[in-house]
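Asks: The following comprises the amino acid sequence and a computationally predicted model.
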Amino acid sequence: MAEIAVWRELSGGNEAFIMAFLVALLSIIMVLIGAYGLASPGGLVSFTQMWKGQRGVWMGAAIRIAFGVSLWGAAPTSHTPKVFQVFGVISLLSGILLPFIGAERLSQLISWWSRLGSTIIRGWSALAIALGVFFFWSIAT
């Protein structure tokens, strides 16, 4: 219980604001990575190669869990609370399950994805931009 008290003290009792800030920050990162993928699909492929290995599994899991928790926590203050909750659960579950996939399987998935071609990579990048803009709009206005 001491950890909860410390969290409330640090956040000023406004956890929803902190969650909304995290969603906004991660949304901007999504848009930037998506824009990079649109401009340079090969560069995005090179970027994804650093996620191979056990460290990539744990970093990816941590980011997905953090994004899922922040989407869920920010849902009440967003324009689209149900959408935030659905994506929050999806992100949280994918973060929890990612370590069970393992580094070898994740490396295989990254290699497969990187061979799909620039048109498909640009499509995924456009989707990342659209979702990032949507999340940011929903939380910022």
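Replies: Done, it's in.

Asks: Show residues contacting stretch 88-96.
Replies: 60-72, 75 (CB atoms under 8 Å, 6 or more residues apart in numbering). C-beta coordinates here come from the backbone N, C-alpha and C atoms, glycine included.

Asks: all strands for this structure, in order.
Replies: For the chain, applying DSSP state E gives no strands.

Asks: Where is the longest helix in it?
Replies: Criterion DSSP state H: the longest helix present in the chain is helix 81-114.

Asks: Redo the contacts of stretch 88-96 as CSV? Include distance to G34 and pLDDT.
Replies: Converted to CSV, those look like this (distance: CB to CB, whole Å; pLDDT from 0 to 100):
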residue, distance to G34, pLDDT
G60, 17, 92
A61, 21, 94
A62, 21, 95
I63, 15, 94
R64, 17, 94
I65, 21, 96
A66, 19, 94
F67, 15, 95
G68, 19, 96
V69, 22, 94
S70, 19, 94
L71, 17, 95
W72, 23, 94
A75, 23, 93
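
Asks: Can you tell me which of those residues is closest to L98?
Replies: A61 (4.3 Å; CB to CB).

Asks: S118 contacts L44, doesn't it?
Replies: No: the criterion here is CB atoms under 8 Å, and S118 misses it with L44 at 9.4 Å.

Asks: who has more neighbours, those two?
Replies: Taking other CB atoms under 10 Å, S118 and L44 do not tie; L44 has more neighbours (24 against 15).

Asks: Would you confirm that that one contacts S125?
Replies: Yes: checked against CB under 8 Å, the pair L44 and S125 is within contact range at 6.6 Å.

Asks: Would you mark the buried spots in stretch 36-47?
Replies: 37-38, 40-41, 44-45 (16 or more other CB atoms under 10 Å).

Asks: Point out where the chain drops to low pLDDT.
Replies: Within the chain, the stretches with pLDDT under 70 are 1-13.

Asks: Can you show me the helices along it?
Replies: Here the chain has its helices, by DSSP H, at 2-11, 15-39, 41-49, 54-74, 81-114, 118-140.

Asks: tilt between the fifth one and helix 41-49?
Replies: Spelled out, it's helix 81-114. With axes from the mean of the first three to the mean of the last three CA atoms, to 10 degrees applied, the angle from helix 81-114 to helix 41-49 works out at 100 degrees.

Asks: That'll do, ta.
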